[in-house]
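Visitor: please find the sequence and the predicted model below.
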Amino acid sequence: MPRSGRNSSVSGVAGPETRADSVVLVHSSDVHVDHHYTPKLFDGDGTGSLRAVLTAARNVQADAVLLAGDTFDCHRLPDPLLETTAEVLREFNIPVVILPGNHDPAVDDAVFHHRAFDGLSCLSVLGVTHGEAVLFEDLDLEVWGRAHRDYSDMDPFAAIRARSTQWQVAMGHGHYVPEPDRSTRLRPSWLIGDAELNATGADYVALGHWNRRVKVGSGPVEAWYSGSFDYAQSVNVVRLERGIPVAVEPLALELPENFSQFNAGQFA
């Protein structure tokens, strides 16, 4: 459960009475729930990576979990796997915000529309259950991002959202380049540059697509890739506290003992 028994409410307008002194978030990406690769790492459990991330979030009493793209490896997944995924989310009951990425864009037949996720109040999917933002009233926190809506190229931060809450987190799934060259149309890399990151003005930018954990950008905005579960083998714990700089720390995932014998970081 979220810290102090808080159940983060979604939507509505945050007021002074709901201002939070601090917020703890867990940021991950490229979780790749699937029925081929991930089960090999988790004794047949295709949701093992998601369980590991949610376990880490529970251990730090996170207020919410941010999954910055490629939560699912694709949209051609069997019903039992999606039903198990919904059961896992329901079991942990931690607010989760998913940004669809290049592997799982918000298309008409996306897994996010599966009946297993109907009525799952702890799950918010940008571009599917919500537009471009999720508002947590009791945390005075807004999480926003542009979902991949097809398999073509796109600019994750083409439009910047004005701040309306005490805390604001932006999400993006793509490839960081300090100064992107947008002069060619054939660039399916979903480019993200320094100018876009700085323009967000967000307290934190949660990025996905890279397998390694790394801070990027040249400005004041804290912009991080969390790295993938199989390569970084950790999540980012993000602490937002009034009057104190944003703190970002890695937290190792609890993984099977034989995990290291497999090739890591195969997804992109």
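Guide: Arrived safely.
Visitor: quick one: contacts for the residue positioned nearest the centre of the chain?
Guide: Closest residue to the average C-alpha location of the chain: residue 67 at 1.7 Å, with CA atoms, centre = their mean. When contacts are counted by CB atoms under 8 Å, 6 or more residues apart in numbering, residue 67 touches 28, 29, 31, 53, 96, 97, 98, 99, 208. Quick note: C-beta positions are derived from backbone N, CA and C, even for glycine.
Visitor: among these, which ones are in strands?
Guide: Secondary structure from DSSP state E places 28, 96, 97, 98, 208 of those in strands.
Visitor: is it true that the second one touches residue 124?
Guide: By that I understand residue 96. Yes. Between residue 96 and residue 124 there is a contact under CB atoms under 8 Å: 7.0 Å.
Visitor: state the phi and psi torsions of the residue nearest to the centre of the chain.
Guide: phi -110, psi 100 (degrees, to the nearest 10).
Visitor: run a quick neighbour tally on the closest residue to residue 52 other than its chain neighbours.
Guide: Closest residue to residue 52 apart from its sequence neighbours, by CB to CB, 6 or more residues apart in numbering: residue 253 at 4.3 Å. Residue 253 has 20 neighbouring residues, counting by other CB atoms under 10 Å.
Visitor: which residues does residue 253 contact?
Guide: The contact partners of residue 253, taken as CB under 8 Å, 6+ apart, are 52, 53, 55, 56, 229, 233, 234, 235.
Visitor: please pick the buried ones from these.
Guide: 52, 53, 56, 229, 233, 234, 235 (16 or more other CB atoms under 10 Å).
Visitor: ok, the fifth one - contacts?
Guide: Residues touching residue 233, when contacts are defined by CB under 8 Å, 6+ apart, comprise 227, 252, 253, 255, 259, 264.
Visitor: distance check, residue 70 against residue 89.
Guide: The gap separating residue 70 from residue 89 is 17 Å, by CB to CB, to the nearest Å.
Visitor: okay, and the beta partners of the residue nearest to the centre of the chain?
Guide: residue 28, residue 98 (DSSP bridges).
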